[in-house]
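Colleague: need a structure here:
(chains A and B)
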Number of protein chains: 2
Amino acid sequence: MGEWGVIAALTGRMPAGPLTSVGIGDDAAVIAAPSGSVVAAVDLLLEDRHFRRDWSSAYDIGVKAAARSLADIAAMGAVNTALLVALAVPGALAASWPLELADGLAAEAARAGAGIVGGDTARADSVLLSVTALGDLDGRRPVLRSGARPGDVIAVAGPLGRSAAGLALLSAGVADERPTSEALAGLIAAHRRPSPPYEAGPEAATLGATAMIDVSDGLLADLGHIADASGVALDVDSSSLVTAGPLSEAAAFLRSQKFDSSRTVPADSPPRTALEWVLTGGEDHSLVATFPASTQLPSRWRVIGQVRAAGGSVAGVAGVTVDGVPHAGPAGWQHFR
Amino acid sequence: MGEWGVIAALTGRMPAGPLTSVGIGDDAAVIAAPSGSVVAAVDLLLEDRHFRRDWSSAYDIGVKAAARSLADIAAMGAVNTALLVALAVPGALAASWPLELADGLAAEAARAGAGIVGGDTARADSVLLSVTALGDLDGRRPVLRSGARPGDVIAVAGPLGRSAAGLALLSAGVADERPTSEALAGLIAAHRRPSPPYEAGPEAATLGATAMIDVSDGLLADLGHIADASGVALDVDSSSLVTAGPLSEAAAFLRSQKFDSSRTVPADSPPRTALEWVLTGGEDHSLVATFPASTQLPSRWRVIGQVRAAGGSVAGVAGVTVDGVPHAGPAGWQHFR
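Modeller: Sure thing, here's the model as predicted:
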């Protein structure tokens, strides 16, 4: 199957979506932008930095690549309409690999209501993907990082720390072929296939969210972006964070685990306690937003802290505290350094 | 300069353009789509496949990466509005390198009327770039590959074969530090910094072009895409193609050149005659379109052939002939295989 054959096969697996009038196959795609503007974001995913082929299937990587960009659109309060995918793969890779990747991309795009409308392919020594997501605001104002005001509450939709816990389990050599429990298997799955709550983004915009971001780098790191852009201080109430259940089970499992003597945990491996996963783990792509304190929040939004006036000099991430004090250690961590 | 410093420096060098309401710095950008739809295309550029750092400066590579995607939007009859750029560079690269690349991207985007509205950065072993271009049709219908009809004329705006000739000169070891003539230096510059006639795209749409494509793979290869999508045959009149002047001079120079004995020209090196460059050379990103024969074409559109009914079985690129006969050899060639 030559390059054109692969493209044809890929195209057949990636529906263009309801708003697309010209999809893959011409010089460019044409997608409706009903409200007269388009929301756009791009993310790059590189093998051995953002994913490992021995830890994630092609389908998983497709889901993850799509989710990463789709969540950026949701975090503006917009509805996803389309993805464009640039993909390079090694020549030695099985022909089925890019097709399974396409299935993962298409499935996650469909979950967000988007089609796949364009792409480019090339050969490279390792897999690399660039996913551009487009969305529509349907007349809403975009929710920026810069609108948080003292007195607002901080709320999150979607899980925190699950992807990080799953990565810690994978890093410790926990094979998915024989998961010790459904809970741990669920965390590994959350790392492989994040499941952002896309519809919570437009919902937050409609509710009057003053600022919003998706948790890609870690809760504290991403709140730091809001604090910085809004010129405010953000305080997280640790008692509001969910650490019981699977996260605690995973941390206990890792403490008790007898390691294979041939395997060493690298010094820069991710943290291994439930609270650290929640505070600093990235890649769940949940949405965190600030709202006026009087906002009646639907149940999927959990209040986890308050916005305060900026001021004082604290160590750690500028403007972000946990229970009123700066958090010790890094606020987030980056994939596989 | 850490990652954030580089991003801040890059952002400062890449203006967002007049239609952008939210540019780089939030989860996603927001760009006006005045006519209620958006045109979008993505292209991937990889070091040593699409460019070589010893043959092109960072600025050159920025221009080329931008031009490649901007030309796709023009080839739909649309006006460019915005670029999103995903970039990975080796850690050992000088900090000035990505900044000069940004200058090249910004300069070419500005030439097309577009801003740079989003991006992502990472580290990788070699330079890779993915550029997504967005555009607006301003109420025009998109010009697809599929609308060519028997009786139409084929016309081209912009040069053909110049990038290929420049690459042949570089491949043969012609150092730009001491160009033998302005003509040859101009061809090398055309390879490094293609200059597509963006405004000819919307112009062609307004004139009633029935099909259009940008010449990225080579004239015959790209006409093959139109023939295939339109279900027609295309015949190019070789006497209408410009081979005199710099292209002929370059071919003569290469024939006469004494090669450095330490250098061998690889067997798969690009062709080295003027007509072959024009027929099969890619990356000039000129626009080729079909028009009803009665169309009054402005002078920048040069008629180079005719559309005929499909039929008969010919060798070579399906449906494309030169002076009525199939072209011997490949219809296009791909960068640095």
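
Colleague: show me the contacts for A:D60.
Modeller: Neighbouring residues of A:D60 by CB atoms under 8 Å, 6 or more residues apart in numbering or on different chains: A:51, A:104, A:192-193. C-beta here means a position set from N, CA and C on the backbone, and glycine is covered the same way.

Colleague: so which of these is the most crowded?
Modeller: Highest neighbour count within the contacts of A:D60, by other CB atoms under 10 Å in any protein chain shown: A:G104, with 24 neighbours.

Colleague: which one is it nearest to, not counting chain neighbours?
Modeller: Leaving aside its sequence neighbours, A:G104 sits nearest to A:G62 (CB to CB, 6 or more residues apart in numbering or on different chains; 2.4 Å).

Colleague: doesn't the one you found fall inside a strand?
Modeller: No - per DSSP: H, G, I helix; E, B strand; the rest coil, A:G62 lies outside any strand segment and is helix.

Colleague: in the stretch 101-250 of chain A, which residue sits closest to chain B?
Modeller: Scanning the stretch 101-250 of chain A for the residue nearest chain B gives A:S130, at 3.5 Å (criterion: CB to the nearest CB).

Colleague: so that residue sits in a helix?
Modeller: No - looking at A:S130 with three-state DSSP, it is strand, so not inside a helix.

Colleague: quick check: beta-bridge partners of it?
Modeller: A:S130 forms beta bridges with A:L44, A:A86, as assigned by DSSP bridges.

Colleague: need the contact list for it.
Modeller: A:S130 neighbours (CB under 8 Å, 6+ apart): A:42-45, A:85-86, B:42, B:44, B:86, B:120, B:130, B:132.

Colleague: mind giving me a markdown table with those residues and columns for distance to A:A183 and pLDDT?
Modeller: Formatted as a markdown table, those follow (distance: CB to CB, whole Å; pLDDT from 0 to 100):
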| residue | distance to A:A183 | pLDDT |
| --- | --- | --- |
| A:V42 | 35 | 97 |
| A:D43 | 29 | 96 |
| A:L44 | 32 | 96 |
| A:L45 | 27 | 96 |
| A:V85 | 33 | 95 |
| A:A86 | 37 | 95 |
| B:V42 | 39 | 97 |
| B:L44 | 40 | 96 |
| B:A86 | 35 | 95 |
| B:D120 | 33 | 92 |
| B:S130 | 37 | 97 |
| B:T132 | 39 | 98 |
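
Colleague: looking at it, A:L167 is touching A:H191, isn't it?
Modeller: Yes - A:L167 is within contact range of A:H191, at 4.9 Å (criterion: CB atoms under 8 Å).

Colleague: most centrally placed residue in chain A?
Modeller: Residue closest to the average C-alpha location in chain A (CA atoms, centre = their mean): A:H285, at 2.7 Å.

Colleague: confirm it sits in a strand?
Modeller: No - using three-state DSSP, the assignment for A:H285 is coil, not a strand.

Colleague: could you tell me how far it is located from A:D103?
Modeller: 20 Å (CB to CB, to the nearest Å).

Colleague: thinking again about what came up before, ok, the residue nearest to A:G104 touching A:A109?
Modeller: No - contact criterion CB under 8 Å: A:G62 and A:A109 do not qualify, at 9.2 Å.

Colleague: can you map out the strands along the stretch 101-250 of chain A?
Modeller: For the stretch 101-250 of chain A, the strands defined by DSSP state E, counting those that start in this stretch occupy A:115-123, A:128-136, A:153-157, A:211-214, A:232-236.

Colleague: need the ones you listed in CSV (columns: distance to B:G139).
Modeller: Shown next, in CSV, are the strands of the stretch 101-250 of chain A (distance: least, CB to CB, whole Å):
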stretch, distance to B:G139
strand A:115-123, 21
strand A:128-136, 19
strand A:153-157, 39
strand A:211-214, 33
strand A:232-236, 43
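
Colleague: closest to B:P15 out of these?
Modeller: Closest to B:P15 of those, according to CB to CB: strand A:128-136, at 19.9 Å.

Colleague: give me the angle between that closest one and strand B:115-123.
Modeller: With axes from the mean of the first three to the mean of the last three CA atoms, to 10 degrees applied, the angle from strand A:128-136 to strand B:115-123 works out at 150 degrees.

Colleague: so where's the stretch 1-150 of chain A shaky on pLDDT?
Modeller: Scanning the stretch 1-150 of chain A for pLDDT under 70 picks out the ranges A:1-7.

Colleague: can you do 80?
Modeller: Filtered on pLDDT under 80, the stretch 1-150 of chain A yields the residue ranges A:1-11.
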